[in-house]
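In: Provided below for reference: sequence and predicted model.
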Amino acid sequence: MGWIGVDLDGTLANYSHWEGEEHIGAPVPAMVSRVKAWLNAGEDVRIFTARVANGPAQLEHIKRWCLEHLGRILPITNVKDFGMAILWDDRCVQVGMNTGRRVGEEGVMSDEIINHPAHYTRGKFEVIDVIEDWNLDWHLGNVVKYVGRYGHKGSDLGDLKKARWYLNRKIQVMEGTQNENLDGDGRNERAG
Ligand SMILES: [Mg+2]
């Protein structure tokens, strides 16, 4: 999967203007929650910031900020290597691979989004691999899908409710089938 780069100023921490290397803004709650969810899922998350160029004293300020707001110190870098799977940044514009066209323009989606949506690829296994390997049917496959992405695609309970809907539906189908068997031929045979 590779590591997830997260920009600091303007992405993870509030930023309006430069106030010195010792000043890092207040945490941006939605971004902090997202990072914490990734960390809980075992993702390799790294702070990706131009501040690294300021030198070692700067790193200490960033580490302290991490500890205070994320509960742990993340790796800090300004180097984008081939292990970086994705970058979250307030200044980025994403282009479709090999297209030169902006993602979001008509017909342009990122290959990563199409092939490996991040909300399905956390952890060691991709949801689609699990569903196929376990031979799950439509209903149960959706239960696993929505449970698997809960907390990673949006933060509401929508995914859990969708999982519940599919599970209820599966139970209804199974109960319907069982009742049919009881009320149908099986019962007639017994009655006869
Ligand atoms: Mg920034």
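Out: The structure has been received and is ready for your questions.
In: I'd like to know how many residues surround the residue lying closest to T77 once chain neighbours are set aside.
Out: Nearest residue to T77, sequence neighbours excluded (CB to CB, 6 or more residues apart in numbering): R46, at 5.6 Å. Placement of C-beta: from N, CA and C, glycine included. Residues lying near R46 (other CB atoms under 10 Å) number 18.
In: wait, M97 sits on S110?
Out: Yes: using CB atoms under 8 Å, M97 is in contact with S110, at 6.9 Å.
In: report all helices and strands that the helix or strand encompassing T177 contacts.
Out: According to DSSP states H and E, T177 maps onto helix 158-183. On a contact count with 3 or more CB pairs under 8 Å, 6 or more residues apart in numbering; DSSP states H and E, helix 158-183 meets helix 138-149.
In: got the buried residues for the helix it packs on?
Out: Under the neighbour-count criterion of 16 or more other CB atoms under 10 Å, helix 138-149 has 139, 141-149 buried.
In: just the CA trace of it, in CSV.
Out: C-alpha atoms of helix 138-149 as CSV (Å, rounded to 0.1, in the frame of the first residue of the first chain):
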residue,chain,number,x,y,z
TRP,A,138,-24.4,-10.1,-2.9
HIS,A,139,-26.0,-9.4,0.5
LEU,A,140,-23.1,-10.6,2.7
GLY,A,141,-20.5,-9.1,0.4
ASN,A,142,-22.1,-5.7,0.9
VAL,A,143,-22.2,-6.3,4.7
VAL,A,144,-18.5,-6.8,4.6
LYS,A,145,-17.9,-3.9,2.3
TYR,A,146,-19.7,-1.4,4.4
VAL,A,147,-18.3,-2.7,7.7
GLY,A,148,-14.9,-2.6,6.1
ARG,A,149,-15.1,1.0,5.0
